[in-house]
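Trainee: Structure of the sequence below:
(one chain, ligands or ions: 2)
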Amino acid sequence: MGSVCCEHCTAACCHYIALPIDRPESRRDFDDIRWYLMHKGITVFVEDDDWYVQIPAKCGGLLPDNRCRVYETRPKICREYKAGDCDYAGGSYGYDELFQCEEDILAYVKQRQANKNGNKTKKPRKARRAHHGRRGAS
Ligand code: SF4
Ligand code: SF4
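Mentor: Numbers count the residues shown, from 1 in each chain. Ligands and ions are numbered 1, 2, ... in the order given. Okay, here's the model as predicted:
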């Protein structure tokens, strides 16, 4: 938080963490991701070929007026996060892939298998969402 657009935002970037995960390869890997997605609020996304799990959680540093209680000593990841291409300002922010429920990952696995088998009648889904998309808390 810190740019002028932060004045109009409810600190979207301070309400979750996104952690990198190994790129799934095996049936078991995808089954684990399915399990993540069975938990309310959890999403998994792919950006620049890297996979992340996103966990909703309000930062303890957030004040009731959506300002940062520890702004001067905020963690490095928060300092590196730039308003302008963020959850609020980056309205057209897009992922390579976004999975919001277990059906999403099951459909992805099915399509992946079909592509492997040479069935290219349908392209893999390309999800987009207007907000969220950071790699860590801010
Ligand atoms: S989401 Fe963007 S505008 Fe909102 S507080 Fe974070 S950096 Fe500022
Ligand atoms: S420490 Fe970071 S995530 Fe927490 S309120 Fe401050 S800027 Fe937001």
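Trainee: can you count the residues close to Leu37?
Mentor: Counted with other CB atoms under 10 Å, the neighbours of Leu37 add up to 20. All C-beta atoms are positioned from the backbone trio N, CA, C, and that covers glycine.
Trainee: do the same with the one 10 residues further on
Mentor: If you count neighbours by other CB under 10 Å, Glu47 ends up with 18.
Trainee: Might one say that it is in contact with Asp96?
Mentor: Yes: using CB atoms under 8 Å, Glu47 is in contact with Asp96, at 6.0 Å.
Trainee: so what's in contact with these two at the same time?
Mentor: Here Glu47 and Asp96 have no joint contacts, going by CB atoms under 8 Å, 6 or more residues apart in numbering.
Trainee: what are the bridge partners for Tyr52, then?
Mentor: Pro20, Phe45 (DSSP bridges).
Trainee: So Cys59 is in contact with Asn66, correct?
Mentor: No: with contact defined as CB under 8 Å, Cys59 and Asn66 do not form a contacting pair (10.7 Å).
Trainee: Compare the two (neighbour count), which wins?
Mentor: A count of neighbours by other CB under 10 Å puts Cys59 above the other of Cys59 and Asn66, at 19 against 15.
Trainee: Going along the chain, name the helices of the protein.
Mentor: 27-37, 76-80, 102-116 (DSSP state H).
Trainee: ok now the last one, how far from the chain's centre?
Mentor: On the basis of CA atoms, centre = their mean, to the nearest Å, helix 102-116 is displaced by 19 Å from the centre of the chain it belongs to.
Trainee: how long is stretch 59-69 end to end?
Mentor: Terminal residues of stretch 59-69 are spaced 10 Å apart (CA to CA, to the nearest Å).
Trainee: ditto for stretch 79-95
Mentor: OK, stretch 79-95 end separation, CA to CA: 23 Å.
Trainee: That stretch near ligand 2 at all?
Mentor: No: judged by CB under 6 Å from any ligand atom, stretch 79-95 stays clear of ligand 2, getting no closer than 7.8 Å.
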